[in-house]
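> predicted structure and sequence below. I'll ask about it afterward.
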Amino acid sequence: MRFCQHFSICGGCQYQDIPYFEQLKMKESQIKDMIDFFELSVELKPINSYREWFYRNKMEFTFGKEDSNLICGLHRKKEKRELFNLRECLIFSPCAEPILNKVREVLKDRYLPYEKFSHRGFLRHLVIRETKFTDEIMIALVTTTQDKLDQEEFVKELVALKLEKKISSLFWILNDRVSDAVIFEEKRLLWGQPFITEKIANLNFRIFVDSFFQTNSYGITHLYKKIEEYAQLTGEERVLDLYCGVGSIGLFLARRAKFVWGVEIKKEIVENAIVNAQLNGIENISFICSDVKRFLAQKDISNIDIVVINPPRCGLSKKIKKYLLKMPSPRIFYSSCNPYTLFTDLKDFSSLYRIVFIEPFDFFPHTPHLECLAFLERKN
């Protein structure tokens, strides 16, 4: 059995010591238990699995100090406030180690890591994004404004790295907010293009430094194809894609639907989705910048044939469910990375919708997390 050298201290991959086929059984069993707990009568399709290693397309690492040495890594499993210096990440990329080594080498004697309690210091985070099908890498250094980065040296050293994949984009992100989260307050492109391009099936998606894109590129390729298959589009369907992000599911369905409307709250993400539609020459799709609740309250959505929902982990609010239940939409596809909130919402939908099936997709091997797709049909 393969183990990451950080397994005993890192809280990221809690299931690494469990054979993968057993992990799949455990996750499938958890969904069965939820079906029983929520008293739903529904078909459970077999769990879908993909490669178990090097599947993540994005990671965020944090700078700190250990014995006066600069480190860049992740938080420890037991001591959440403490970091460990990351040397490999088996669920992310073989390129992580050489990139982190080079970044630490370039920055170690010149800059101080940010201290979140005193709010002093310069180096905050390192964000690495990687496309799995087009072999591109984007690197973003996140700092405060308390020092000045030697941009020329940073770019020269990173670009010279010999990696399995190509570095296409280098960013410097400035963030002086108190929150320890990665916030893209000011973005400066240091080198290359402002995006990397991933290919999912035969569609291209531009991913910018602050884009939300599903973590597992292999898994979403299969999930989107499944939704497309289950939708059985004839070219006459009008589709509403809620929480559409960069438009990935909507663009898949637009190729065979009459028209697709995507709804997303963040302006930059909507602009990204519009770029992706143009990039793929898809014209029968429109993206609306709006809060989902406000959109459902204000728009006439009585002529929608299919609703696609992919909400945040917290699921749907009572108001949103109320608006959706008022819609006469015949079919709903609900995809979620939080099975508990999914089942809570499905229970509320079950008064007017028949839950045809639930299908698990293991986007997150070696972790407790799981993606699930539910297909609902309106009762007569």
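Alright, I've got the coordinates. These figures come from a predicted structure and were not determined experimentally.
> distance from stretch 314-332 to the middle of the chain?
Distance of stretch 314-332 from the chain centroid (CA atoms, centre = their mean, to the nearest Å) equals 23 Å.
> should've said stretch 158-169
23 Å.
> for it, list every residue counted as buried.
Using 16 or more other CB atoms under 10 Å as the test for burial, stretch 158-169 gives Leu158, Leu163, Lys165, Ile167, Ser168, Ser169. Just so you know, the C-beta spots here come from the backbone N, C-alpha and C atoms, and that holds for glycine as well.
> ok, now stretch 278-289?
Asn280, Ile282, Asn284, Ile285, Phe287, Ile288, Cys289.
> pick the one among the residues you listed closest to Arg255.
Ile282 (6.9 Å; CB to CB).
> who's in contact with that closest one?
Residues near Ile282 by CB atoms under 8 Å, 6 or more residues apart in numbering: Leu251, Ala254, Arg255.
> so which of those are in helices?
Among the contacts of Ile282, DSSP state H puts Leu251, Ala254 in helices.
> how about the contacts of Ile282 in a markdown table, adding pLDDT and neighbour count?
Listed next are the contacts of Ile282 as a markdown table, based on pLDDT from 0 to 100; neighbours: other CB atoms under 10 Å:
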| residue | pLDDT | neighbour count |
| --- | --- | --- |
| Leu251 | 96 | 25 |
| Ala254 | 96 | 24 |
| Arg255 | 94 | 17 |
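> let me know the closest of the contacts of Ile282 to Lys225.
Distances from Lys225 to the contacts of Ile282, taken by CB to CB, are shortest for Arg255, at 11.6 Å.
> torsion angles phi and psi at the closest one?
When read as degrees, to the nearest 10, the backbone of Arg255 gives phi -60, psi -20.
> over to Glu97?
Torsion angles, degrees, to the nearest 10, at Glu97: phi -60, psi -50.
> contacting residues around the residue positioned nearest the centre of the chain?
The residue lying closest to the centre of the chain (CA atoms, centre = their mean) is Gln214, at 3.1 Å. If you count contacts by CB under 8 Å, 6+ apart, Gln214 has them with Ile220, Ser248, Phe363.
> can you give me the end-to-end span of stretch 82-97?
20 Å (CA to CA, to the nearest Å).
> ok, which stretches of the stretch 151-300 of the chain are strands?
166-174, 186-192, 195-200, 203-208, 238-242, 259-264, 285-289 (DSSP state E, counting those that start in this stretch).
> tell me the helices and strands packed up against the second one.
This means strand 186-192. helix 151-159, strand 166-174 (3 or more CB pairs under 8 Å, 6 or more residues apart in numbering; DSSP states H and E).
> what's the spacing between the nearest residue to Cys13 once chain neighbours are set aside and Phe213?
With CB to CB, 6 or more residues apart in numbering as the criterion, Cys13 has its nearest non-adjacent residue at 4.0 Å, and that residue is His366. The gap separating His366 from Phe213 is 21 Å, by CB to CB, to the nearest Å.
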